[in-house]
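Peer 1: make a model of this:
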Amino acid sequence: MRPNRRNRRCGSSTLEFTLVGIPLMFVLISTFEMARGMWNYHTIAHAVKEGTRYASVHGVNCGTPNACTVTIGQITQKIVDAGIGLPTNQLRLTFTSQSGSVSNFANNLLANATVWPPAPGNVVGSSITITATYPFTSAISMFWPGAGTGINFGTVNFPASSREAIQF
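Peer 2: From the prediction side, this is the model:
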């Protein structure tokens with residue numbers, strides 16, 4: 001029986017797929033994880049900017065005779081509405097004005113009825129700042145050499161900050 005050419009090359013396609021396919025799948029998964037991370041980063045930055053804009057037009061003189069002061073809960077709701085997909089139990093917000101700062105997770109701040117910014121930090125031209133941090137967990141870190149045994153997901157805290165002056 002003569003060895004035929006076809007039998008000598010029988011496993012080459014499996015070997016080629018293994019050598020090329022596995023790194024290609026890793027690159028594909030990495031691309032999706034990077035896109036998901038950038039989406040989360042952009043979403044948190046947009047949400048904090050919207051919350052700061054909302055607070056900046058609700059100062060002491062925003063529309064006399066209307067009393068249009070806002071609470072921390074109302075501003076937090078604006079941030080949560082603009083930050084679609086961000087879990088409120090992981091989103092940490094810090095509200096800073098000339099009168100001090102308040103910091104907690106968004107799900108705890110939704111029920112906060114404290115008027116913000118408080119006097120005297122609510123006059124026209126006063127600076128207000130809202131900052132947020134969100135822990136992003138990526139599945140890619142489990143492929144990192146030396147990550148340890150089992151599945152260890154790495155966490156990166158995404159920061160966002162927005163500063164505005166009170167307009168009215």
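
Peer 1: mind checking how far the nearest residue to residue 70 once chain neighbours are set aside is from residue 166?
Peer 2: Nearest residue to residue 70, sequence neighbours excluded (Cβ to Cβ, 6 or more residues apart in numbering): residue 58, at 4.4 Å. (C-beta placed from N, C-alpha, C; glycine too.) Here the criterion is Cβ to Cβ, to the nearest Å. By it, residue 58 lies 8 Å from residue 166.

Peer 1: what's the answer for residue 11, then?
Peer 2: Distance of residue 11 to residue 166, given as Cβ to Cβ: 72 Å.

Peer 1: who's more crowded, those two?
Peer 2: Looking at residue 11 and residue 166 with other Cβ atoms under 10 Å, you find the greater number of neighbours at residue 166, namely 23 against 9.

Peer 1: next one: phi and psi at the closest residue to that one other than its chain neighbours?
Peer 2: Take residue 166 and drop its neighbours on the chain: the residue closest to it by Cβ to Cβ, 6+ apart is residue 59, 3.8 Å away. Note on residue 59: backbone dihedrals following degrees, to the nearest 10 are phi -90, psi -160.
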